[in-house]
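Student: Sequence below, structure please.
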Amino acid sequence: MRALLVIDVQKGFTEKSDAQAMMDCIKKLIRHFQSNHEPVFFIISREHT
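Tutor: Residues are numbered from 1 along each chain as shown. Have a look, this model is predicted:
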């Protein structure tokens, strides 16, 4: 069994020129896994300062 783990995707993590391409790739992977009924897990950091 395979699973996709999407870890803490944040604005500002990548160069602006690369951000859209990275998000498009992540969305494509998510759709692929979901269409094959494979699990997708999201890990989000919610630090309060």
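Student: And for the spatially closest residue to residue 39 that is not a sequence neighbour, the neighbour number?
Tutor: In space, and not counting its chain neighbours, residue 39 is closest to residue 3: 4.4 Å by CB to CB, 6 or more residues apart in numbering. Just so you know, the C-beta spots here come from the backbone N, C-alpha and C atoms, and that holds for glycine as well. Using other CB atoms under 10 Å, residue 3 has 9 neighbouring residues.
Student: Wait, residue 3 touches residue 40, no?
Tutor: Yes. Between residue 3 and residue 40 there is a contact under CB atoms under 8 Å: 7.2 Å.
Student: can you tell me which helix or strand residue 41 belongs to?
Tutor: strand 40-43 (DSSP states H and E).
Student: I'd like the mean pLDDT over that strand, please.
Tutor: What strand 40-43 shows for mean pLDDT is 95.
Student: what does it contact?
Tutor: 3-8, 30, 33-34 (CB atoms under 8 Å, 6 or more residues apart in numbering).
Student: contacting residues for the residue nearest to residue 39?
Tutor: Taking CB under 8 Å, 6+ apart, one finds 33, 38-41 in contact with residue 3.
Student: which of the residues in stretch 28-46 are buried?
Tutor: Buried positions in stretch 28-46, judged by neighbour count with 16 or more other CB atoms under 10 Å: residue 33.
Student: May I have that stretch exported as PDB, CA atoms only?
Tutor: Provided in PDB are the C-alpha atoms of stretch 28-46 (Å, rounded to 0.1, in the frame of the first residue of the first chain):
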ATOM      1  CA  LYS A  28      -1.700  16.700  -9.200                       C
ATOM      2  CA  LEU A  29      -0.200  14.100  -6.800                       C
ATOM      3  CA  ILE A  30      -3.200  14.500  -4.400                       C
ATOM      4  CA  ARG A  31      -5.700  14.000  -7.300                       C
ATOM      5  CA  HIS A  32      -3.700  11.000  -8.500                       C
ATOM      6  CA  PHE A  33      -3.700   9.300  -5.100                       C
ATOM      7  CA  GLN A  34      -7.400  10.100  -4.400                       C
ATOM      8  CA  SER A  35      -8.500   8.800  -7.800                       C
ATOM      9  CA  ASN A  36      -6.700   5.500  -7.000                       C
ATOM     10  CA  HIS A  37      -8.300   5.400  -3.500                       C
ATOM     11  CA  GLU A  38      -4.900   5.700  -1.900                       C
ATOM     12  CA  PRO A  39      -4.700   7.600   1.400                       C
ATOM     13  CA  VAL A  40      -3.500  11.300   1.500                       C
ATOM     14  CA  PHE A  41      -2.400  12.700   4.900                       C
ATOM     15  CA  PHE A  42      -1.800  16.400   5.600                       C
ATOM     16  CA  ILE A  43       0.500  17.600   8.400                       C
ATOM     17  CA  ILE A  44       0.000  21.300   9.300                       C
ATOM     18  CA  SER A  45       2.000  23.200  11.800                       C
ATOM     19  CA  ARG A  46       0.000  25.800  13.700                       C
END
